[in-house]
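1. sequence and computational prediction follow.
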Amino acid sequence: MPAKVLDSFALIAYFRDEPGAEAMEILLVTAGKKDSPLHMTDVNYAEVKYSIVKKNGTEAWEQAANILLGLPIDFHSTTRALADTAADFKARFKISLADAFAAALAKEKNAELITGDPEFKPLEKEVKIAWLK
C-alpha cells in the first residue's frame, strides 16, 4: 500500500461521522490489516484536538484520544526540513500553516494526501491528493 498522509480534515470527518468518514474507516481498516500505518504530523494532530475540543467539548476529545491509541496512524514531529517545505507551501499557496505541514509530509514521503478540504486544490501539482467524498 503506498504511503498515505492524513490532513486533519480526514480525521475530524472520521470522528464526527461527517462525509468522508466511511472512506476513512476503509483506509484505517486496510492500513491495519496490511500493517502499513497512515501518517500525520503532530501539527495536524493538534488541529484535530483543538477542533474537537472547541466544537464538541473535552469529553468528546477524551473519547477520540482513546480511539486514536488503537488506530494505525504514525504521528511525525516536525523537523527543520519539514518546516522549510511547509513554509514554502504557505508562502506560495493560500493555505493554513497546518495544511502546509500536511502537504509537506506528503511531499517528503512521496505519499498521497488524504483530505476533503478544498483549500488543497491549488497543491494538486505539488502532491498527489486523494479526495474524500
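-> Noted; the coordinates are in hand.
2. any stretches of this structure with poor pLDDT?
-> By pLDDT under 70, the low-scoring segments of the chain are 1.
3. show me where it has its helices.
-> For the chain, applying DSSP state H gives helices covering 8-16, 21-33, 42-56, 58-68, 80-92, 97-109.
4. buried sites along the third one?
-> Buried positions in helix 42-56, judged by neighbour count with 16 or more other Cβ atoms under 10 Å: 43, 44, 45, 47, 48, 49, 51, 52. Where C-beta positions appear, they are placed from N, C-alpha and C, glycine not excepted.
5. ditto for the second one
-> Neighbour-count burial for helix 21-33, with 16+ other Cβ under 10 Å as criterion, is recorded at 21, 23, 24, 27, 28, 31.
6. assess the claim that the second one and residue 133 are in contact.
-> In other words, residue 23. Yes - at 6.7 Å, residue 23 and residue 133 qualify as touching, with contact defined as Cβ atoms under 8 Å.
7. I am finished for the moment; much appreciated.
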